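Asks: Based on what follows, work out the 3D shape:
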Amino acid sequence: MKKIFLLLIFTVVACKAQTSTVYSLQNYDFGSNLPNGAYVKDTYNDFNKFEGTWKYQIANQVFILKLRKKVRFYDNMDNIYIDLLAGEYQYFLNNIEVINTLANLSNDSDVYSNNISGHSFIPNANFPSCGDCNPTERRVKLSFSDPDRPWVMAYIVLRYLNSNGVEKIDATIYYTSTVVPDDGTPTTLRVPVGNFVFVKQ
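Replies: Residues are numbered from 1 along each chain as shown. A predicted model of the protein is given here:
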């Protein structure tokens with residue numbers, strides 16, 4: 001009987017330890033401190049519509065994005081759980097593959113090692129501004145990197161669009177900073193920066 005009682009106590013304590021305070025990703029201020037084990041959740045499933053394979057093609061360029069939502073990822077820097085978007089990409093110029101990181105998307109051990117990752121929503125007035133965005137619309141801002149040029153730092157801002165049933169992402173890639181290790185080191189990504197409209201495949 002004593003063993004059963006102790007087992008019940010252990011089960012209750014274990015279940016309680018796994019319970020975490022849930023915060024809405026859409027409303028949370030990341031300047032605030034979160035308790036250890038807190039869960040920052042994509043409450044309204046905004047990330048879901050960005051999942052999948054997206055393609056931009058014009059003239060001599062083909063640019064492919066693959067994005068997936070990672071649920072309850074453990075961030076060991078802040079000791080919290082968080083929902084986020086992770087992605088990889090492939091780029092062709094003149095029918096020549098310039099870069100392809102798509103195979104890395106299956107990496108679940110460290111989502112931040114993906115070349116596209118993050119969980120930030122940005123106001124419509126923030127760069128790049130969106131004058132025709134609905135006031136309730138949420139755009140996503142993610143880090144964007146080149147695995148062979150980790151010193152070149154960039155962001156990608158994503159806006160989901162649905163035009164008569166055709167799903168699109170309006171994306172803007174821009175540089176944030178570059179810390180060049182030495183002379184002769186490339187200072188740009190191997191994909192172009194600027195605005196692109198990707199179509200869901």
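
Asks: Relative to residue 88, how far out is the spatially closest residue to residue 135 that is not a sequence neighbour?
Replies: Closest residue to residue 135 apart from its sequence neighbours, by CB to CB, 6 or more residues apart in numbering: residue 124 at 7.3 Å. For glycine as for every other residue, the C-beta is placed from the backbone atoms N, C-alpha and C. Distance, residue 124 to residue 88, by CB to CB, to the nearest Å: 27 Å.

Asks: Comparing these two, which shows the higher neighbour count?
Replies: A count of neighbours by other CB atoms under 10 Å puts residue 88 above the other of residue 124 and residue 88, at 23 against 17.

Asks: In three-state terms, label the more buried one for me.
Replies: Per DSSP: H, G, I helix; E, B strand; the rest coil, the local secondary structure of residue 88 is strand.

Asks: Show me what it bridges to in the sheet.
Replies: Applying DSSP bridges to residue 88 yields these beta-bridge partners: residue 66.

Asks: now swap in residue 158 and tell me
Replies: Going by DSSP bridges, residue 158 forms beta bridges with residue 140, residue 171.

Asks: ok so, going back, touching, the residue nearest to residue 135 and residue 132? I think so.
Replies: No. Using CB atoms under 8 Å, residue 124 is not in contact with residue 132; the gap is 9.0 Å.

Asks: quick one: the helices in this structure?
Replies: 2-18 (DSSP state H).

Asks: for the chain, what are the low-confidence residue spans?
Replies: Counting by pLDDT under 70, the chain shows low-confidence ranges at 1-19, 30-31, 107-111.

Asks: just the strands in it please.
Replies: For the chain, the strands defined by DSSP state E occupy 22-24, 39-41, 52-58, 61-75, 80-93, 96-100, 116-122, 139-144, 152-163, 166-178, 194-200.

Asks: which strands and helices sit next to the second one?
Replies: Strand 39-41 makes packing contacts with strand 22-24, strand 80-93 when contacts are defined by 3 or more CB pairs under 8 Å, 6 or more residues apart in numbering; DSSP states H and E.

Asks: Summarise which helices and strands the first one is packed against.
Replies: So that's strand 22-24. Taking 3+ CB pairs under 8 Å, 6+ apart as the contact cut, strand 22-24 packs with strand 39-41.
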